[in-house]
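Participant: please work out how this folds:
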Amino acid sequence: MPPAARPNVVFIVMDDLAWGDLACHGNPFTKTPNLDRLHAASTRLTRYYSGPLCSPARAGIMTGRYHLRTRCIDTYLGRSMLDPSERTLPQAFRAGGYRTGLFGKWHLGDCYPMRPCDLGFETALYHKGGGIGQPGDHPANHARGGESYFDPVLFRDGVPEPARGYCTDLFFDETLRFAEARREEPFFAYLATNTPHGPLVVGDAWSAPYKQLGLPEKHANLYGMVANIDWNLGRLTRGLEKLGLADRTLVIFTSDHGPCPSSLEKDQPPERQARFNSGLRGMKGQLYDGGVRVPCLWKLPGTLAPGRDLGVLAHTIDVLPTLSELCGLPASGAKLDGVSLWPYLKGARAPEAAPARTVFMQWHRGDAPIRYRNAGAIEARFKWYRPEEDAPDELYDLPADPFETRNLAADLPAETARLRARYDAWFDDVSSTRPDNYAPPRIHVGTEHESPTVLSRQDWRVHGKDGWMDRHYGHWEVKLCAPGPYRVTVRFSKPAEKPGTLRVQLAGRAFEAPLEAGCAEARLETSALPLGDTQVEAWGECEGERISPLYVELA
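Facilitator: Okay, the predicted model is just below:
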């Protein structure tokens, strides 16, 4: 395809936005005029299945492969880092002559070689970890909690940068600046907000109209965040028009999964607890359609039919092959799990003509997937699902029962067994991709690409029960690329109450230094260390009590 004929691409993915959050999907409370206009102007993938959680969905989008192939199997504790050997969507765009930028949430690795700038984005303004203010994010944001949605410290190409404004506004601002600067060249902008993910924090002007409707506070704040997203989408649309880019820019709008259970008002009467989701069953983390089926709008004036519902079965893994065909990107030879939806999107092939296909999904906590635990197989008609490995099979006829109210597993045992067998073959296949039992990618320390390296609880391998709070502890899997010596700075979540000892184990050697009472930070110098794969562990010790670090910095 000639460069001039290739469209720009703005891929917008929300965090925790549900199918039912859009007014055009029947929500009786939200007002989303810009999203409604985009919906009317788009070809809509009405059976687009995203991941059941954040990082798995993003791994599928970025690689065209099931997330269990990519080492990115969960959202924290070293399980949400994308293997740097995976070929990514921005790398494909750059190979095809596009300029690439990321603005917002990455959630596929905070340290080299897994940062956005390491995996194909020539420029990026983003937060770390899974969300602003979480333990993996900048220490200043973590200290402020939900208030860091305003004036956060962000990272520009890996370097901290204080920002002024509300997080969603900032990411849309940066996308518009990127589009203006690259207007003479084809570009790919990946705009991934951390909203409306909790904490449910937004300016009062956005939530006030919903509080005036008498909605519970959580719902009012959440819908206020959705209204802010809608307003920003209008700004983006007008900005592209002003730049003369609207008619040659493909805008894709979607979400990473369904609504979060924490958005429920559990202290309210039953009729006020539930979050509206157009009748779909299930929440984030579950594989019922309410947890995994999300809006997916594709707008390209003059090419894609406006106001068209397209019911072809679709998944995150289809994004890369579809955009590769549309934009004429060179193939890499990597084995993809997804298929190109472009023939269906442009109307060259009817959905009914699509070959029989099964889409697979699985997610749960733990360092490795477990057969049948929260696992599903979806076809054009049937969905097979097991919420737990020892739970009975569930089978739903989705066209006849879109709200998944009738379990047909006992009535249709042959269909149930067939889909379960397909899942078994898939699980064996994806597991064979990672014969090392899904060990995490290693963070590289001592390279010219990143100094200092800041390790956080986001990426540690926890010892004992899962968690990233002060009562948990763990280590980091790293690769030492330079012998050092290293200056190790350890930050704790609160000052030590009494004098103690800072202890660090690195490359099989133990180091220690005093930990002074009233201090939340201590440091020490190591000796020269052997190169190669190793572990880092650090903690404070005070009168026999172990104090877990919040951040460990190596420089």
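
Participant: which residues touch residue 426?
Facilitator: Applying CB atoms under 8 Å, 6 or more residues apart in numbering to residue 426 gives the contacts 358, 360, 377. (Each C-beta comes from the backbone N, C-alpha and C, glycine too.)

Participant: from the chain's centre, how far out does the host helix or strand of the second one sit?
Facilitator: When elements are defined using DSSP states H and E, residue 360 is found to belong to strand 359-362. Using CA atoms, centre = their mean, to the nearest Å, we find the averaged C-alpha position of strand 359-362 to lie 17 Å away from the chain's own average C-alpha position.

Participant: ok, stretch 81-101 next?
Facilitator: 16 Å.

Participant: ok, now stretch 301-311?
Facilitator: 27 Å.

Participant: state the next helix or strand along the chain beyond the strand holding residue 360.
Facilitator: The C-terminal neighbour of strand 359-362 among helices and strands, as given by DSSP H and E, is strand 375-378.

Participant: low-confidence regions, this structure specifically.
Facilitator: Counting by pLDDT under 70, the chain has low-confidence residues at 1-4, 265-273.

Participant: can you check which strand is longest in it?
Facilitator: Secondary structure of the chain read by DSSP state E shows that its longest strand is strand 532-542.

Participant: CA atoms of that one as PDB?
Facilitator: Extracted in PDB, the C-alpha atoms of strand 532-542 (Å, rounded to 0.1, in the frame of the first residue of the first chain):
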ATOM      1  CA  GLY A 532      24.600 -12.900  34.800                       C
ATOM      2  CA  ASP A 533      21.200 -14.100  36.000                       C
ATOM      3  CA  THR A 534      20.600 -13.700  39.800                       C
ATOM      4  CA  GLN A 535      18.200 -12.400  42.400                       C
ATOM      5  CA  VAL A 536      17.900  -9.200  44.500                       C
ATOM      6  CA  GLU A 537      16.400  -9.200  47.900                       C
ATOM      7  CA  ALA A 538      16.300  -6.400  50.500                       C
ATOM      8  CA  TRP A 539      14.700  -5.700  53.800                       C
ATOM      9  CA  GLY A 540      15.000  -3.900  57.100                       C
ATOM     10  CA  GLU A 541      15.400  -5.800  60.300                       C
ATOM     11  CA  CYS A 542      14.500  -4.200  63.700                       C
END
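
Participant: list the buried ones in it?
Facilitator: 534, 536-540 (16 or more other CB atoms under 10 Å).

Participant: just stretch 88-106 next, same as before
Facilitator: In stretch 88-106, counting by 16+ other CB under 10 Å, buried: 88-94, 96, 98-106.

Participant: and if you look at stretch 231-248?
Facilitator: Neighbour-count burial for stretch 231-248, counted by 16+ other CB under 10 Å, picks out 231-234, 236-237, 239-240, 245-246, 248.

Participant: each with direction, which strands does the longest strand of the chain pair with?
Facilitator: strand 474-480 (antiparallel), strand 500-506 (antiparallel), strand 545-547 (antiparallel) (DSSP bridges).

Participant: chain center to that strand: distance?
Facilitator: That offset, for strand 532-542, works out to 28 Å (CA atoms, centre = their mean).

Participant: list the contacts of that strand.
Facilitator: With contacts defined as CB under 8 Å, 6+ apart, strand 532-542 is touched by 442, 445, 455, 473-480, 488, 490, 492, 496-508, 515, 522, 546-549, 552, 554.

Participant: I'm done for today, thanks for sticking with me.
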